[in-house]
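Colleague: need the 3D shape of this:
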Amino acid sequence: MSSSQPPVIVNRNILEMEYAVRGPIPQRAATMQQQGQNIIPCNIGNPQALGQSPLTYYRQVLSLVEEPSKIARERTLKDLFEETPYSELKDDDFISDYVLSTSEDILAKSSTGTGAYTESKGFRFIRLAIAKFINQRDGHTGEMSANPEHIFLTDGASDAAKRVLNLLIADENDGIMIPIPQYPLYSASIKMFGGVQVNYYPDEDNDWTLSRAELETSLEKAQSEGVNVKAMVVINPGNPTGAILDAQSIREVIDFAKAHHLAIIADEVYQDNVYGGEFISFAKALGADTVPLFSLHSISKGFFGECGHRGGYLEVRNPPQVAGANLNFIDLLLKQASVSLCANTAGQILTYLMVSPPEQGSRPHALFIQEKEKVLAELHRKATMIRSAFNQMDGVECFGKTGAMYLFPRLNKLPAGKNDYDYCMALLEETGLVTVNGSGFGQKEGTHHLRIAFLPPIELLAEVLPQWIAFHNRFVAM
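Modeller: All right, here's what the predicted structure looks like:
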């Protein structure tokens, strides 16, 4: 039946928005999977989808907070078993008193449980815990301390980034500087909110470091085209590159932003994924400088991998005053957050647990550390396996220290007429390995890359890497 309704005119910015990690290659992979073919989804940082187990401590506390009656039942069972022949049961057969007490403490502090709306900024006790975490991480005291009233609980870091970008982009000439390559959340959001994407290029051959000269060149070009640049995004550790910014690069960014009155949006969701490298937060490096800083963190990455629970936070330092209004950015962020009422409460609780690990000496602490170290060690081992495989692929180079959950190799010898999209699609068809073409993240003209998330089990990587090596060397020899 044909409809009598005329076609609907929709927001063109949404029509033109692109998001490569869920783009044509993953869509083709989904079709292949439905047809019964084996697929290895390395297109997105989604650890638990590839077999990473959730942390015991997180899930025990979350389950008890969601169903408080189990706390009393657990205590009753423990009392009963202590008086019966089952007393030979190990203490590990019960949920520890520490977990039970932590769950009761969360319930007492939340007062309404997890089924009610919270403050628009999120539970205050969680914001206090985040401020304490930031202060301990960065060594801040006194005036440098994090302000819990400048912290917002969000539905993942993506939600936080979009909130800030939505406020900063006031008209079609407002520009946001983003690193190329970049996580397409930023290019897509800038497009969605009607702003201008301003590219800057970290130096790949020098391990993705940043120079003041490159930033100045990018800014000057945008300004010559009438763009009003208002902020710059920095992703550290990098996505898709996995690179870890050194202290000098971070200082370059801060000095540049200060000189040109720009805000910094610091995406730091991979701060635990440094595998022996050093993470330096922008909040720590900023010191007493008055550059507006929006820092993002999330429960989705690190060693937690709780992507589906959508938890994260936004911390604001030096919030800018709002032109033409007796308000600052915090007031507007609160107004904006109020429209959505609050972030989901399960994500808020997991964010609290992320910044408040079990105390040293408590029964859950040893298992927590064991699980944490196992996840991080396996991630590093898997990254090392893949980087080693690159050495057997003709014309493949991979730069930078290993960080985040990704590698971004450069493909130097593609056949004439072929690009990285062709390569990734052919790789999928032959091996089932789902990667994302470098052009989906942006890259210097004339270069080709791909991004792979190093998340599959080690045994699966050991099986597929020889297939990838063989495919690659045949493909480039075409």
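Colleague: strands of this protein, start to end?
Modeller: 40-41, 151-154, 174-179, 196-200, 228-235, 263-267, 293-298, 312-317, 396-397, 406-407, 410-411, 433-434, 436-437, 450-453 (DSSP state E).
Colleague: can you list contacts of the first one?
Modeller: Translated: strand 40-41. With CB atoms under 8 Å, 6 or more residues apart in numbering as the test, strand 40-41 has contacts from 26, 29, 49, 50, 431, 432, 433, 434, 456, 460, 464. Every residue, glycine included, has its C-beta placed from N, CA and C.
Colleague: report the strands that pair with that strand, each with its relative direction.
Modeller: strand 433-434 (parallel) (DSSP bridges).
Colleague: hmm, who's touching the strand it pairs with?
Modeller: Against strand 433-434 from outside (CB under 8 Å, 6+ apart): 25-26, 29, 39-43, 427-428, 452, 464, 467-468.
Colleague: of those, which belong to helices?
Modeller: Under the assignment DSSP state H, the contacts of strand 433-434 contribute 25, 26, 29, 427, 428, 464, 467, 468 to helices.
Colleague: just these: which has the poorest pLDDT?
Modeller: Among the ones in helices among the contacts of strand 433-434, residue 26 has the lowest pLDDT, at 83.
Colleague: so what's that residue closest to, chain neighbours aside?
Modeller: In space, not counting the residues next to it along the chain, residue 26 is nearest to residue 43; the distance is 4.9 Å by CB to CB, 6 or more residues apart in numbering.
Colleague: who's in contact with the one you found?
Modeller: Contact partners of residue 43, counting by CB under 8 Å, 6+ apart, are 21, 22, 25, 26, 29, 434, 435, 436, 451, 453.
Colleague: let me see the contact set for the closest residue to the last one other than its chain neighbours.
Modeller: Counting by CB to CB, 6+ apart, residue 453 lies nearest to residue 42, which is 4.6 Å off, once chain neighbours are set aside. Counting by CB under 8 Å, 6+ apart, residue 42 makes contact with 433, 434, 435, 452, 453, 454, 455, 456.
Colleague: go again with 7 Å.
Modeller: Applying CB atoms under 7 Å, 6 or more residues apart in numbering, we find residue 42 in contact with 433, 434, 435, 452, 453, 455, 456.
Colleague: what of residue 107?
Modeller: So residue 107 contacts 65, 68, 113 (CB under 7 Å, 6+ apart).
Colleague: can I have the buried ones of those residues as a PyMOL selection?
Modeller: Burial among the contacts of residue 107 is assessed by 16 or more other CB atoms under 10 Å; the matching PyMOL selection reads:
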select buried, resi 65
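Colleague: hang on, the earlier thing: in TSV, list the ones in helices among the contacts of strand 433-434 along with neighbour count.
Modeller: Listed next are those as TSV, based on neighbours: other CB atoms under 10 Å:
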residue	neighbour count
25	22
26	20
29	23
427	22
428	21
464	20
467	14
468	22
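Colleague: so can I have TSV of the residues you listed showing distance to residue 225?
Modeller: Output for these, formatted as TSV (distance: CB to CB, whole Å):
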residue	distance to residue 225
25	32
26	34
29	38
427	37
428	38
464	45
467	46
468	41
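Colleague: looking at those, which two lie furthest apart in space?
Modeller: For the ones in helices among the contacts of strand 433-434, the maximum inter-member distance is 19.3 Å, found between 26 and 467 (CB to CB).
Colleague: just the pLDDT for residue 339.
Modeller: Listed pLDDT for residue 339 reads 85.
Colleague: domain-wise, how is this structure divided?
Modeller: Recorded structural domains for the chain (assignment: automatic domain parsing) are 12-50+368-476, 57-111, 124-355.
Colleague: quick one, which of these is packed in tightest?
Modeller: domain 124-355 (a mean of 20; mean count of other CB atoms under 10 Å).
Colleague: quick one: residue 61 and residue 101 touch, right?
Modeller: No. In this structure, residue 61 is not within contact of residue 101 by CB atoms under 7 Å, at 10.2 Å.
Colleague: and the nearest residue to residue 118 once chain neighbours are set aside, how far from residue 162?
Modeller: Nearest non-adjacent residue to residue 118, counting by CB to CB, 6+ apart: residue 342, 4.4 Å away. Separation of residue 342 from residue 162 (CB to CB, to the nearest Å) stands at 16 Å.
Colleague: same question, residue 464
Modeller: With CB to CB as the criterion, residue 464 and residue 162 are 35 Å apart.
Colleague: cool, residue 59 as well?
Modeller: 28 Å.
Colleague: just checking, residue 425 touches residue 25?
Modeller: Yes. Counting by CB under 7 Å, residue 25 is a contact partner of residue 425 at 5.8 Å.
Colleague: what does stretch 446-457 contact?
Modeller: Here stretch 446-457 has contacts from 40, 42-45, 47, 50-51, 240, 379, 382-383, 386, 405-411, 414, 419-420, 423-424, 435-438, 441, 443, using CB under 7 Å, 6+ apart.
Colleague: tell me the mean pLDDT for it?
Modeller: 92.
Colleague: likewise stretch 220-227?
Modeller: The average pLDDT within stretch 220-227 is 94.
Colleague: swap in stretch 275-284?
Modeller: Across stretch 275-284, pLDDT averages out at 92.
Colleague: now find how far off-centre that stretch is within its chain.
Modeller: Taking CA atoms, centre = their mean, to the nearest Å, one finds stretch 275-284 lying 15 Å from the centre of the chain it belongs to.
Colleague: for it, measure first residue to last.
Modeller: 20 Å (CA to CA, to the nearest Å).
Colleague: stretch 112-127 too?
Modeller: Termini of stretch 112-127 sit 17 Å apart (CA to CA).
Colleague: could you do stretch 321-328 as well?
Modeller: OK, stretch 321-328 end separation, CA to CA: 4 Å.
Colleague: quick check: mean pLDDT across it?
Modeller: 79.
Colleague: where does pLDDT dip in the stretch 1-150 of the chain?
Modeller: Low-confidence segments of the stretch 1-150 of the chain (pLDDT under 70): 1-3, 6, 8-22, 77-94.
Colleague: how near is the closest residue in space to residue 102 that isn't next to it in sequence to residue 346?
Modeller: In this structure, residue 102 finds its nearest non-sequential neighbour in residue 61, 5.6 Å apart by CB to CB, 6+ apart. Distance, residue 61 to residue 346, by CB to CB: 11 Å.
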